[in-house]
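In: Everything below, folded, please.
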Amino acid sequence: NLSKGVSFPEGGNVKNIGTMAFYSTKLTSFLLPSTIESVGASAFASSSLSSITFPSSAPMTTIAQSTFADSNLASISIPSYITTINGYAFSNTQLTSAVIPATVSSLGTGVFSSCAQLKSASISAGSPLTEIPSSTFYGCSSLTGFTFPSFITSVESFAFSASGLNSVSIPSTLTYLGTGVFQGCTNLSQVSFASDHQLLNISERLFANCTALVSINLPDNLRSIGDSAFSGCVSLTNITIPSKVTSLGDFAFQSCRSMKAVVFQGDCTNLSTQTSTFYLATGVSSVVFQGKKSKNIVFISAMPTTYYTISFYTSAADVGVTTPKRFSIAANSIPNTATVSDVFSGTLYSLPDGSRWACEEGFGFTNEMVDSFYAYGEPQVADLAVGDTFTADTVEGVPVTYTVTSLASGDTPGTARVGSDAGTL
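Out: Below you'll find the model as predicted:
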């Protein structure tokens with residue numbers, strides 16, 4: 001039952017320390033000899049070891065899996081002859097700082113995970129590393145900042161999850177962020193991307209449960225936002241979806257209850273979303289979008305309410321300049337012609353039974369009226385006569401047959417009907 005330090009006399013010939021050799025012992029310090037070639041996996045794991053001294057030179061090149069995991073190790077100076085650090089080597093230790101030397105070319109999973117006292121960490125300039133592996137700094141709750149070197153191009157899943165980061169700057173050289181990289185970083189309030197960043201995807205759960213995150217500017221080149229990417233970001237007040245985004249995942253903004261405004265910068269004609277994308281984001285009161293298939297933008301409240309309140313602009317130029325128009329209708333009902341005929345000229349908006357409004361029940365909805373609002377296919381009516389029929393899809397993709405009742409003339413829209421319900425076109 002070792003309870004003191006261990007060292008080896010000069011001239012000794014100790015080359016190897018076996019797997020779990022000092023596992024769960026009470027020794028507090030250890031001096032490795034200059035002859036050391038290898039230290040086995042978990043050699044000092046779960047021990048009382050608080051300090052380890054490496055020789056200035058040695059044939060040793062690898063720190064093995066979980067070598068110091070769950071020990072009391074409080075400091076480490078990784079020597080320059082180490083080229084490989086295997087998974088969980090320093091996991092759940094008492095380290096307060098860590099510097100990965102430029103000679104390390106291979107880093108395993110979770111090397112510093114759950115090091116709750118770790119306040120600083122860095123990778124030395126000139127390192128051949130190009131990625132930060134999965135869970136490297138997972139649970140490092142005292143780690144408030146990290147600078148990504150220009151040679152790091154990829155950060156793998158959960159690398160900084162549940163850490164203490166309070167701000168993050170993503171350089172343009174960092175082009176991949178894996179699943180849940182910043183998930184559960186409850187102090188993270190600021191995230192910035194380089195202005196020329198070419199990131200294509202916000203991975204699933206990337207910022208999930210970042211409860212202090214108030215706002216974020218997404219890269220212009222972004223193409224998709226993954227499942228639950230911002231789920232549980234309860235302080236997020238607004239989001240702007242860049243124009244090239246074509247896909248929003250399940251529960252992407254779930255429970256973002258402080259969110260007031262959602263702006264879609266591009267034409268939403270080809271945008272794919274899920275009915276759960278903004279699930280329980282019950283505070284949304286302003287949404288701006290354009291496109292002929294706005295049916296894809298769906299907001300669903302947890303609790304049904306009696307009325308829909310729709311706020312809208314008829315021209316993009318009016319957004320933020322004039323007061324939007326508004327009207328309310330009973331939930332699950334159809335707006336009548338009198339309500340909408342002076343608003344939605346140019347497209348049919350007499351909704352048949354079974355269709356739904358592309359907005360959340362019971363909130364104010366602000367949008368740019370550009371091509372259409374509820375995504376009916378825009379019929380070609382130039383060659384139609386009164387009494388002719390044509391078919392256009394509802395927001396749910398259901399084909400509906402319309403009968404022309406009058407033709408358009410100048411600025412006056414024509415009209416058509418479905419059964420007894422008339423609308424303008």
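
In: Could you use CA atoms for every contact and neighbour count after this?
Out: Noted.

In: how long is stretch 197-206 from one end to the other?
Out: In stretch 197-206, first residue to last residue: 17 Å (Cα to Cα, to the nearest Å).

In: who's in contact with it?
Out: In this structure, residues lying in contact with stretch 197-206 by Cα atoms under 8 Å, 6 or more residues apart in numbering are 171-173, 175-183, 219-231, 252.

In: Please convert the buried members of the residues you listed into ChimeraX selection syntax.
Out: Typed into ChimeraX, the line below selects the buried ones among those, using 16 or more other Cα atoms under 10 Å:
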select :171,172,173,175,176,177,178,179,180,181,182,183,219,220,221,222,223,224,225,226,227,228,229,230,231,252
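
In: which ones among the contacts of stretch 197-206 are found in helices?
Out: Residues from the contacts of stretch 197-206 lying in helices, with DSSP state H as the criterion: none.

In: Could you list which of the contacts of stretch 197-206 belong to strands?
Out: The subset of the contacts of stretch 197-206 located in strands under the criterion DSSP state E comprises 176-177, 224-225.

In: Next, format those as JSON lines and append pLDDT and distance to Lys119.
Out: Compiled in JSON lines, the ones in strands among the contacts of stretch 197-206 are given as follows (pLDDT from 0 to 100; distance: Cα to Cα, whole Å):
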{"residue": "Tyr176", "pLDDT": "97", "distance to Lys119": "25"}
{"residue": "Leu177", "pLDDT": "98", "distance to Lys119": "22"}
{"residue": "Ser224", "pLDDT": "95", "distance to Lys119": "33"}
{"residue": "Ile225", "pLDDT": "96", "distance to Lys119": "31"}
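
In: give the contact list for the residue lying closest to Ser106 once chain neighbours are set aside.
Out: Setting aside the residues directly before and after it, Ser106 is nearest to Thr84 in space (Cα to Cα, 6 or more residues apart in numbering), at 4.8 Å. Thr84 makes contact with 61-63, 104-107 under the criterion Cα under 8 Å, 6+ apart.

In: Also Ala121?
Out: 97-100, 143, 146.

In: Could you identify which of these has the most neighbours?
Out: Neighbours were tallied for each of those (criterion: other Cα atoms under 10 Å), and the maximum of 24 neighbours falls on Leu143.

In: Who are the contact partners of it?
Out: Listed by Cα under 8 Å, 6+ apart, the contact set of Leu143 reads 117-121, 163-165.

In: Just send those back as a markdown table, with distance to Tyr88 too.
Out: As requested, these are exported to a markdown table (distance: Cα to Cα, whole Å):
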| residue | distance to Tyr88 |
| --- | --- |
| Gln117 | 16 |
| Leu118 | 14 |
| Lys119 | 18 |
| Ser120 | 18 |
| Ala121 | 15 |
| Ser163 | 16 |
| Gly164 | 19 |
| Leu165 | 20 |
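
In: just to revisit the earlier point, is it possible to export the ones in strands among the contacts of stretch 197-206 to CSV including distance to Asn92?
Out: What follows is the ones in strands among the contacts of stretch 197-206, written out as CSV (distance: Cα to Cα, whole Å):
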residue, distance to Asn92
Tyr176, 27
Leu177, 24
Ser224, 35
Ile225, 32
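
In: which among those residues gets closest to Leu129?
Out: Tyr176 (14.4 Å; Cα to Cα).

In: What are the buried residues along stretch 135-142?
Out: Within stretch 135-142, the residues scored as buried using 16+ other Cα under 10 Å are 135-142.

In: Farthest pair within the contacts of Ala121?
Out: Across the contacts of Ala121 (Cα to Cα), the longest gap, 15.4 Å, separates Ile100 and Leu143.

In: State the distance from Leu32 to Ser56.
Out: Computed as Cα to Cα, the Leu32 to Ser56 distance reads 10 Å.

In: what about the nearest residue to Ile36 once chain neighbours are set aside, how many neighbours?
Out: The shortest distance from Ile36 to any non-neighbouring residue, by Cα to Cα, 6+ apart, is to Lys15 (4.2 Å). Using other Cα under 10 Å, Lys15 has 17 other residues around it.

In: Lys15: what's it in contact with?
Out: Lys15 makes contact with 35-38, according to Cα under 8 Å, 6+ apart.

In: got a pLDDT number for it?
Out: Note on Lys15: pLDDT of 93.

In: Could you find the closest non-adjacent residue to Ser120?
Out: Closest residue to Ser120 in three dimensions, ignoring its sequence neighbours and counting by Cα to Cα, 6+ apart: Ser97, at 4.8 Å.

In: all helices of the stretch 201-350 of the chain, in order?
Out: Secondary structure of the stretch 201-350 of the chain by DSSP state H, counting those that start in this stretch: the helices cover 337-340.

In: What segments of it are strands?
Out: Using DSSP state E, counting those that start in this stretch, the strands of the stretch 201-350 of the chain run over residues 201-202, 224-225, 238-241, 247-248, 261-267, 286-290, 307-312, 325-330.

In: now the stretch 51-200 of the chain
Out: Secondary structure of the stretch 51-200 of the chain (DSSP E, counting those that start in this stretch): strands at 51-53, 62-63, 84-85, 97-100, 106-107, 120-123, 131-132, 154-155, 167-170, 176-177, 190-193.
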